[in-house]
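Student: Build me a model:
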Amino acid sequence: MSSSVVWIVVAVVVLFVIAVVVGVLMNKRREDKRRAQAEEIRREADARASSVGTAHADAEEAEARAALARREAERAEREAAEARVGMEQEQARHEDRLREADRVDPDVDHRSDDYVPGTTGPTGTTGTTSEPRREV
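Tutor: Residues are numbered from 1 along each chain as shown. Below you'll find the model as predicted:
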């Protein structure tokens, strides 16, 4: 091997070693920079930790209000259903009384196909309008 070839090989090896060292140093520098960036992100996250707790408390409070509103709505629905049943019962009692009055009244044909309870009274008109009495 000639001395010029040896010098070329040595130069290539030295350049390779320098390139590896520079690569390692740059990689270490990049890692240090990323560590610092990660630490900054962690500090920001810790600073916002109290707002997470506040948001959690707000969410729990809103959930509690929603649950209370649901219970109130269910109670109101039950009350409305009970009132509806009471109204229907009262309406049925009223209609029964009208039918009884119509059965007693000799001027009312309560067996007619178009009979409607309480449509005619003793004077030939309904209790609330001035319709003429219907004779069938």
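Student: drop to CA atoms for contacts and neighbour counts, all remaining ones
Tutor: OK.
Student: Helix or strand for the residue nearest to the spatial centre of the chain, just tell me which one.
Tutor: Nearest to the geometric centre of the chain sits residue 66, at 9.5 Å (CA atoms, centre = their mean). Assessed by DSSP states H and E, residue 66 sits inside helix 49-104.
Student: Please apply the same query to residue 21.
Tutor: helix 3-47.
Student: got the angle between that helix and helix 49-104?
Tutor: Put simply, helix 3-47 runs at 50 degrees to helix 49-104, going by axes from the mean of the first three to the mean of the last three CA atoms, to 10 degrees.
Student: pLDDT averaged over helix 3-47 - what is it?
Tutor: Helix 3-47 comes out with an average pLDDT of 93.
Student: next one: stretch 115-122
Tutor: 70.
Student: distance between the helix holding residue 66 and the chain's centre?
Tutor: 19 Å (CA atoms, centre = their mean, to the nearest Å).
Student: tally of neighbours for residue 108?
Tutor: When neighbours are counted by other CA atoms under 10 Å, residue 108 registers 23.
Student: Count the residues that sit near the residue nearest to it when sequence neighbours are not counted.
Tutor: Excluding the flanking residues, the one nearest residue 108 by CA to CA, 6 or more residues apart in numbering is residue 102, at 5.8 Å. Look at residue 102: counted by other CA under 10 Å, it has 23 neighbours.
Student: Isn't residue 102 up against residue 117?
Tutor: Yes. Taking contacts as CA atoms under 8 Å, residue 102 lies within contact range of residue 117: 7.0 Å.
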